[in-house]
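Trainee: With the sequence up front, the predicted model follows.
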Amino acid sequence: MPRSVTVVPVAVLLVFALTACDGGVRGSAGASGVRDPYFPKSGNGGYDVTHYGLTLGYDPGARRLMGKAEVAARAEQDLSAFNLDLKGMDVSSVEVEGKAARFNRSGQELTVRPHDDLDKGARFTTVVRYSGAPETITDPDDSEEGWLRTADGALALGEPTGSMAWFPGNHHPSDKATYDITITVPEGLKAVSNGELRGEVTRRGRSEFDWHVGEPMASYVATVAVGKYETRRSKTADGLPVYVAVDPEQARASAEVLARIPDIVEWAELNFGPYPFSSTGAIVDREDDAGYALETQNRPVFPGAPGTDLLVHELVHQWYGNSVTPKSWRDMWLNEGFATYAEWLWQEDHGGDTAQDVFDALYEDDYFDSREDSDAVWAFPPAKPPSAAHISDSPVYERGAMVLHKIRETVGDDAFYDIVQGWAAAHRHGNADTDDFTAYVEGKAPDEDFSEIWEDWLYGEGKPGES
């Protein structure tokens, strides 16, 4: 994504109260959050989701979403209760393994108490039926996410917490899953999501679109886009399917840049290794439909026709961010630093400034037009944003990219590309954090000393080299 005294949750108290009144309970309640350093309520403990089956119906005129979520998971402890993240919406029923389950709501927590306790290691499916007007969520940095109304439909964006506005789940990047997403909309509209379009049918004034995501996906890069899109299918030279959906108002302006998707993917594979997903593409909405682009899996979302650099940025996120996903929101620089550095490499390989040129301009405060923007690069270390409001600030992007350039300077080009390709391969479809990355780099170049890079560029306060 580019920039543009301990209190116990009520839901937890209720779960323990229910548990205490029921003799013979073997398990305990799963935690109502994973203690992410910036979003401690996000995610839930006690289970791991393996698959989401979402059946959705949306009426833009009534602004109403009808949903059924089938959440397949594995218990990681003996469970008497567990939580799902869901903000807003009305829940009509919950079932666990085909039996009605008690549930209650508190804030974003949907607490579920199954009819029978779940043993550690057990695989189970929870079915939640819900409906209502999905919310738009304002982030700590004042950007909007969740369910965004558009001129002709809606756009669901999830970074960092917006996905809980339109389906219940374990909404933290550390828990990835596969998906089936079926969306029904009024005839004349299209519904675009992640993965592969398996089926499309229209009957009785409604159109149904069935999407399948076969590779693990973090919920924050799941999307649904409803509107009067023009869609186009093609393939790269290697046969990778390309699916683009463009608002008609943006079709002409975006045609030339979107035609470069196969070339960009081919270039990225040379630099970063095999493309990690089963298809690629893009969704282009109107300029005022969202305030930012987002690297939604398989096909990133853009508000208006993107420039080439932005398209490169979001496509390279498919490697770094979507396939190799951070363990927590503290590790955002591993997403944004890589995607930003990819922009520099693209320019370097296509007749523009070299990565060294960009690095030097940033260090000399000559890259941005304003002094305020130049100073912002040094506001905090990329691996230590001061709060949730700053995880998409300049140090995470530009200074994160500068860390990668310092590694490249230290080891040379051949070793550097071995590192970035090996990193993408080692954690393909998984999660990793900053400690994993620094250990990986040190292991790939054991004769080099990276301590200055880590201490001054990754974790150090202020501009390195200035007292």
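Mentor: Cool, the structure landed.
Trainee: From here on, just use CA atoms for contacts and neighbour counts.
Mentor: Noted.
Trainee: Check for me that residue 164 belongs to a helix.
Mentor: Yes - judged by DSSP: H, G, I helix; E, B strand; the rest coil, residue 164 forms part of a helix.
Trainee: Apart from its neighbours in sequence, what residue is nearest residue 362?
Mentor: Nearest non-adjacent residue to residue 362, counting by Cα to Cα, 6 or more residues apart in numbering: residue 374, 7.2 Å away.
Trainee: Find the nearest non-adjacent residue to residue 108, please.
Mentor: Spatially, and ignoring its direct neighbours in sequence, residue 108 is nearest to residue 87 (4.5 Å; Cα to Cα, 6+ apart).
Trainee: Show me where the stretch 51-200 of the chain has its helices.
Mentor: Defined through DSSP state H, counting those that start in this stretch, the helices belonging to the stretch 51-200 of the chain form an empty list.
Trainee: Show me how the protein divides into domains.
Mentor: Domain segmentation of the chain under automatic domain parsing yields 10-220, 324-458.
Trainee: Tell me which of the ones you listed approaches residue 288 most closely.
Mentor: Residue 288 lies closest to domain 10-220 among these, at 8.3 Å (Cα to Cα).
Trainee: Now do the SS call for the residue nearest to residue 362.
Mentor: Secondary structure assignment for residue 374 (three-state DSSP): helix.
Trainee: before we move on, the earlier item: now tabulate the domains of the chain in CSV and tack on mean pLDDT and mean neighbour count.
Mentor: Putting the domains of the chain into CSV (pLDDT from 0 to 100; neighbours: other Cα atoms under 10 Å) gives the following:
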stretch, mean pLDDT, mean neighbour count
domain 10-220, 93, 20
domain 324-458, 98, 19
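Trainee: ok so, going back, pretty sure the residue nearest to residue 362 contacts residue 361?
Mentor: No - taking Cα atoms under 8 Å as the definition, residue 374 is not a contact partner of residue 361, at 9.7 Å.
Trainee: Give me the common contacts of the two.
Mentor: residue 367 (Cα atoms under 8 Å, 6 or more residues apart in numbering).
Trainee: which residues in the stretch 351-467 of the chain form strands?
Mentor: For the stretch 351-467 of the chain, the strands defined by DSSP state E, counting those that start in this stretch occupy 430-432.
Trainee: in it, which spans are helices?
Mentor: 355-363, 371-376, 394, 400-411, 413-426, 434-444, 451-452.
Trainee: List just the one of those that sits closest to residue 73.
Mentor: Closest among these, using Cα to Cα: helix 413-426, at 24.7 Å.
Trainee: Contacts made by stretch 159-170 with the rest, please.
Mentor: Residues outside stretch 159-170 that contact it (Cα under 8 Å, 6+ apart) are 42-44, 49, 54, 67, 69, 71, 84-89, 108, 110, 128, 134-137, 145-147, 156-158, 171-172, 219-222, 294.
Trainee: actually stretch 85-97, sorry about that
Mentor: For stretch 85-97, the surrounding residues in contact (Cα under 8 Å, 6+ apart) are 42-44, 100-103, 107-110, 112, 114-115, 124-135, 164-171.
Trainee: next one: stretch 41-52
Mentor: 29-36, 69-79, 82-85, 161, 169-172, 175-181.
Trainee: next one: stretch 395-410
Mentor: 332-334, 336-338, 340-341, 355-356, 359, 376-383, 385, 415-416, 448, 450, 453, 457-458.
Trainee: can you check stretch 420-433 too?
Mentor: The contact list for stretch 420-433, computed with Cα under 8 Å, 6+ apart, reads 173-174, 176, 215-217, 271-273, 276, 319-320, 322-328, 331, 334, 437, 440.
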